[in-house]
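1. I need the structure of the sequence given here:
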Amino acid sequence: MNCLQSLQMKQRRHFYRTFFLSILLGTITFIGLYPFFTLLQSVSSFYQLTFWQFTAFTAALFPLHAMIHLGAFWLFKYKVKPKIMKRKRKFYFYYKHADPAPRNIYLMSLLAPFVCLSGPLFIGAAAFPALMPYFLFAAAVNTGISFADLRFALLLLKTPRQAYIESRHNHIDILTKEPSSAS
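-> Presented below is the predicted three-dimensional model:
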């Protein structure tokens, strides 16, 4: 296999810029959706969660998001091993592929958390008007978390359909079976 493109995620995507844009996207999502859902529903008072309930509800999104990434691979019976790495008192969750993953399966894995979490959260906001702000906030947080995934998915859409993706902790190679065009 030939390497079509190699990406160093931390260097190429500028971590702080991506972090800022993901927070901005989450904020814009909440600000844009809250008035829309408020106009659709006529609720004069909202249920108030305690601080710990709200924190647990929001914090549960992060591991759920990561597990849905893995679930998409497991759905297509592709071998992936979850890994936890400790660096400078911080824990990082990532997954390791046994072999390079086909582009379409990797693309499904990138898009699955956004679709599988945000969709039910929007439905929850419409179905339970008293809890609407919490569901919309969780959907906005998930949209912010998914920003890097969506950005990488747009990059993958430009690659050939028969490409394979080899992923490491912060390094991704896009591989093809075709001979290299450079001679």
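2. any stretches of the protein with poor pLDDT?
-> 7-14, 44, 91-94, 168-170, 178-183 (pLDDT under 70).
3. tell me, what residue is most central in it?
-> Centroid-nearest residue in the chain: residue 146, 3.2 Å away (criterion: CA atoms, centre = their mean).
4. that one and residue 114 touch, don't they?
-> Yes - Residue 146 lies in contact with residue 114 (CB atoms under 8 Å); the separation is 4.0 Å. Every C-beta, even on glycine, is put in place using the N, C-alpha and C of the backbone.
5. would you mark the buried spots in stretch 128-148?
-> 129, 131-148 (16 or more other CB atoms under 10 Å).
6. among the residues you listed, name the ones in helices.
-> If you go by DSSP state H, these have 132-145, 147-148 in helices.
7. grab the nearest non-local neighbour of residue 103.
-> Counting by CB to CB, 6 or more residues apart in numbering, residue 103 lies nearest to residue 163, which is 4.5 Å off, once chain neighbours are set aside.
8. so what's that neighbour up against?
-> Going by CB atoms under 8 Å, 6 or more residues apart in numbering, residue 163 touches 4, 102, 103, 174, 175, 176.
9. how does it look with 7 Å?
-> For residue 163, the contacting residues are 4, 103, 174, 175, 176, by CB atoms under 7 Å, 6 or more residues apart in numbering.
10. closest to residue 49 out of these?
-> Lowest distance from residue 49 to the contacts of residue 163 (CB to CB) belongs to residue 103, with 40.9 Å.
11. pretty sure the closest one sits against residue 156.
-> Yes - between residue 103 and residue 156 there is a contact under CB atoms under 7 Å: 6.1 Å.
12. checking residue 55 next. Helix, strand or coil?
-> Secondary structure assignment for residue 55 (DSSP: H, G, I helix; E, B strand; the rest coil): helix.
13. burial measure for it, as a count.
-> 11 (other CB atoms under 10 Å).
14. use 888 as the first number from now on
-> Will do, 888 is the new start, and the previous item becomes residue 942.
15. and the helices in the protein, which stretches?
-> For the chain, the helices defined by DSSP H cover 896-899, 902-927, 938-946, 948-962, 990-1014, 1019-1032, 1034-1044.
16. got the angle between the last one and helix 990-1014?
-> By that I understand helix 1034-1044. Per axes from the mean of the first three to the mean of the last three CA atoms, to 10 degrees, the angle that helix 1034-1044 makes with helix 990-1014 is 140 degrees.
17. name the helices or strands packed onto helix 1034-1044?
-> Under the contact criterion of 3 or more CB pairs under 7 Å, 6 or more residues apart in numbering; DSSP states H and E, helix 1034-1044 touches helix 902-927, helix 990-1014.
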